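Peer 1: Got a predicted model here, sequence first, then my questions.
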Protein chains: 2
Amino acid sequence: MTRWALLLEYDGTNFVGWQRQDSGISIQEVLEAAATNLTGGERVACTTAGRTDSGVHAMGQVVHLDLPDRYDARRVRDALNYHMKPHPIVIVRAAIVAPDWNARFGAIHRAYRYLILNRRARPALMANRVWHVAAPLDSDAMRRAARHLLGRHDFTSFRAAACQAKSPIRTLERLDVDRDGDLITLSVEARSFLHHQVRNFAGTLRLVGDGSWSEDRIPAVLAALDRSAAGPTAPAAGLSLVSVRYPEDPFQ
Amino acid sequence: MTRWALLLEYDGTNFVGWQRQDSGISIQEVLEAAATNLTGGERVACTTAGRTDSGVHAMGQVVHLDLPDRYDARRVRDALNYHMKPHPIVIVRAAIVAPDWNARFGAIHRAYRYLILNRRARPALMANRVWHVAAPLDSDAMRRAARHLLGRHDFTSFRAAACQAKSPIRTLERLDVDRDGDLITLSVEARSFLHHQVRNFAGTLRLVGDGSWSEDRIPAVLAALDRSAAGPTAPAAGLSLVSVRYPEDPFQ
């Protein structure tokens, strides 16, 4: 067998998320079915760098799977893309990696983007791609508040109850807040994240942005080590997995 | 009556275009129906800065219409947006203008964007927003070819047969070609355009990009004054109307 790394793009709107569930179609299921189609019936299992939730998008998801030795990169990419039609999931690149290469455990950096459309009018062109917040948000205050979250912390206050990580300690490398007209972009980077961590950041920063909370409240929210101390979980639609990094780029 | 200028955003995918047609739903029809709903039954007609084709999008379309004197800007915007639900058409801003202000004839500058997704994999996140071209395109050659189109020319070779403009002469102020990874953006600006002019530019530059045509062929294409001398019309999905300018910005 040959191990392949795949770079995936998908529109998560109509999926139950990465992981198989009884309640609907998952990204994993579509990809594994396509791989089984390619091999002509062999069951194929794949492992992802990040199990995105229902409604979350990706332009740079990374996955690995094992296929019989007979394919080249072009065929793996094009055949899997053919079999995944018409689902909005595509493989942008495919590359052979070492047999012990692991998309999940080998990853050393993940970048997410969270988009807020901040205007009265609901989204038209960006429907299902943004969190629509009609109340005016002070993005400068959000930016200052975000600085308190940078670095190594116990992020229990921003962690979903369902989170399976052993430790709530993470090192947040980047949390930028930028405004371009009506669009506010949160750019968030770390080696790894807790479940719902980025969406909980977004939901909390929004409370600072609309003036409900002072930006100075964030250190106390962190220190509380209590999920109920932070803001609500922001909607999935605004979130995208932008990129995953490895010690060596498998697609170079 | 009060004349209103409206700034519109829409996803043109499932519409027959701006203008009313028997074959399906138009942007104009949805907006005029919403306005009639707002006034409580009076028939309202609106005039647009640019009659976009089926599948063409807008983030900065401008329209004018006349409404009874009793509304303020917030009500016009919010009520029309309410009545246009669930169509992906929204009014981002509404402003009172002079009774003789005209969205079409008053416009002095229009900016369009044409997006080409240049990779093997079909679009997932940008479905219906790009022209998917799988063959590798040389965006530098496209950029050099585009320079021949700048300035004042008789653009008959790039004009749709159905074009109703009196003169085929236009002054092209900008035609930039930029690549960011797999995405090629054409940024096109002029006081006004002929029917299909931007899509015909895109279809022609693609032939230069894939090496079918030399970049030096463009002057001869222009000089031919013959639609069949230029490339095919590129798909509507890649095109968006970005902005329309007036001597004074009505939304300021």
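Peer 2: Arrived safely.
Peer 1: what's the neighbour count on A:R51?
Peer 2: Summarising burial for A:R51: neighbours were counted as other CB atoms under 10 Å in any protein chain shown, giving 17. Any C-beta I mention is one placed from the backbone N, CA and C, and that applies to glycine too.
Peer 1: wait, isn't it in contact with A:W18?
Peer 2: Yes. With contact defined as CB atoms under 8 Å, A:R51 and A:W18 form a contacting pair (4.3 Å).
Peer 1: how much space between A:S26 and A:R144?
Peer 2: Taken as CB to CB, to the nearest Å, the spacing of A:S26 relative to A:R144 amounts to 38 Å.
Peer 1: With neighbour numbers in mind, choose between those two.
Peer 2: A:S26 (20 against 15).
Peer 1: Tell me the residues of the stretch 51-200 of chain A that contact chain B?
Peer 2: A:57, A:59, A:74, A:77-78, A:81, A:85, A:88-92, A:119-125, A:127, A:129, A:182 (CB under 8 Å from any CB of the partner chain).
Peer 1: Please work out the average pLDDT along the host helix or strand of A:L80.
Peer 2: Under the criterion of DSSP states H and E, A:L80 resides in helix A:73-84. Throughout helix A:73-84, pLDDT has a mean value of 97.
Peer 1: helix or strand right after it?
Peer 2: With DSSP H and E, the next secondary element past helix A:73-84 is strand A:89-97.
Peer 1: Could the C-alpha coordinates of that next one be exported in PDB?
Peer 2: Coordinates of each C-alpha in strand A:89-97 appear next as PDB, following Å, rounded to 0.1, in the frame of the first residue of the first chain:
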ATOM      1  CA  ILE A  89     -15.600  18.700  -1.800                       C
ATOM      2  CA  VAL A  90     -12.500  18.600  -3.900                       C
ATOM      3  CA  ILE A  91      -8.900  17.400  -3.600                       C
ATOM      4  CA  VAL A  92      -6.600  20.200  -4.700                       C
ATOM      5  CA  ARG A  93      -3.400  18.300  -4.400                       C
ATOM      6  CA  ALA A  94      -2.300  14.700  -3.700                       C
ATOM      7  CA  ALA A  95       1.200  13.500  -2.800                       C
ATOM      8  CA  ILE A  96       2.800  10.300  -1.700                       C
ATOM      9  CA  VAL A  97       4.200  10.400   1.900                       C
END
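Peer 1: Just the residues contacting it, thanks.
Peer 2: The contact list for strand A:89-97, computed with CB atoms under 8 Å, 6 or more residues apart in numbering or on different chains, reads A:2-11, A:27, A:30-31, A:64, A:73, A:76-77, A:80-81, A:84, A:250-251, B:119, B:121-124, B:182.
Peer 1: Partner strands of it and their direction?
Peer 2: Using DSSP bridges, strand A:89-97 pairs in its sheet with strand A:2-10 (antiparallel).
Peer 1: Identify each buried residue in the strand it pairs with, please.
Peer 2: Residues A:R3, A:W4, A:A5, A:L6, A:L7, A:L8, A:E9, A:Y10 are the ones in strand A:2-10 that count as buried (16 or more other CB atoms under 10 Å in any protein chain shown).
Peer 1: Now do that strand against helix A:73-84: the angle between them, please.
Peer 2: Between the axes of strand A:2-10 and helix A:73-84, defined by axes from the mean of the first three to the mean of the last three CA atoms, to 10 degrees, the angle is 50 degrees.
Peer 1: for strand A:2-10, the distance to its chain's centre please.
Peer 2: Taking CA atoms, centre = their mean, to the nearest Å, one finds the center of strand A:2-10 at 16 Å from the center of the full chain.
Peer 1: residues in contact with A:G17?
Peer 2: The contact partners of A:G17, by CB under 8 Å, 6+ apart, come to A:S26, A:I27, A:R51, A:T52, A:D53, A:S54, A:G55, A:V56.
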